[in-house]
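A.B. asks: A predicted structure for the sequence below; I have some questions about it.
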Amino acid sequence: MANYQLYRNTTLGVTLQDTLEEMISQGQLTEQAAGKVLSEFDRSINLALDKRINKKVNFSGKLSTYRFCDNVWTLVLKDFVVKEGNQGQHNTTPTSQIPRVDKVKIVACDGKGAGQT
């Protein structure tokens, strides 16, 4: 499984990076050790999401733009709606947790390593 660094931009990832930078500036941690911590974070978050998340969702929207570069899809959708995956196909009621949004950007990477199928 590839260890993407996408999750470093989440609240958890940004907080971790801020804490590591503070520890480096106070001399409590070396930059190499901080790099190892971030690499372990990347590996762990990818593994946790792969193994522990099994919720299926369906989404729909009007495709505004798309790009495929370096094995990464970037999609921008307008009038975006998310539905729980276990609902019937003809049920068009969106989930209550995720409201309809005007525009969303999705970045999708291959979760398998290059040698896996």
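C.D. replies: That came in fine, so what should we check first?

A.B. asks: where are the low-confidence patches of the chain?
C.D. replies: Segments of the chain classed as low confidence (criterion: pLDDT under 70) are 1-3, 85-97, 111-117.

A.B. asks: in it, which spans are helices?
C.D. replies: Ranges of helices in the chain, per DSSP state H, are 11-25, 31-52.

A.B. asks: I'd like to know which elements the last one is packed against.
C.D. replies: Other helices and strands packing on helix 31-52, by 3 or more CB pairs under 8 Å, 6 or more residues apart in numbering; DSSP states H and E, are helix 11-25. For every residue, glycine as well, the C-beta is placed using N, CA and C.

A.B. asks: Which positions in the helix it packs on come out as buried?
C.D. replies: 13, 16-17, 20 (16 or more other CB atoms under 10 Å).

A.B. asks: Between helix 31-52 and that helix, find me the angle.
C.D. replies: Per axes from the mean of the first three to the mean of the last three CA atoms, to 10 degrees, the angle that helix 11-25 makes with helix 31-52 is 160 degrees.

A.B. asks: How far off centre is helix 11-25?
C.D. replies: 19 Å (CA atoms, centre = their mean, to the nearest Å).

A.B. asks: Just the CA trace of it, in PDB.
C.D. replies: Extracted as PDB, the C-alpha positions of helix 11-25 are listed here (Å, rounded to 0.1, in the frame of the first residue of the first chain):
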ATOM      1  CA  THR A  11      -6.600  18.900  11.500                       C
ATOM      2  CA  LEU A  12      -4.700  16.000  13.000                       C
ATOM      3  CA  GLY A  13      -1.800  16.200  10.600                       C
ATOM      4  CA  VAL A  14      -1.400  20.000  10.900                       C
ATOM      5  CA  THR A  15      -1.500  19.800  14.700                       C
ATOM      6  CA  LEU A  16       1.100  17.000  14.600                       C
ATOM      7  CA  GLN A  17       3.400  19.100  12.300                       C
ATOM      8  CA  ASP A  18       2.900  22.200  14.500                       C
ATOM      9  CA  THR A  19       3.900  20.200  17.600                       C
ATOM     10  CA  LEU A  20       6.900  18.700  15.900                       C
ATOM     11  CA  GLU A  21       8.100  22.100  14.800                       C
ATOM     12  CA  GLU A  22       7.700  23.500  18.300                       C
ATOM     13  CA  MET A  23       9.700  20.600  19.700                       C
ATOM     14  CA  ILE A  24      12.400  21.100  17.100                       C
ATOM     15  CA  SER A  25      12.600  24.800  17.900                       C
END
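
A.B. asks: Noted, bye for now.
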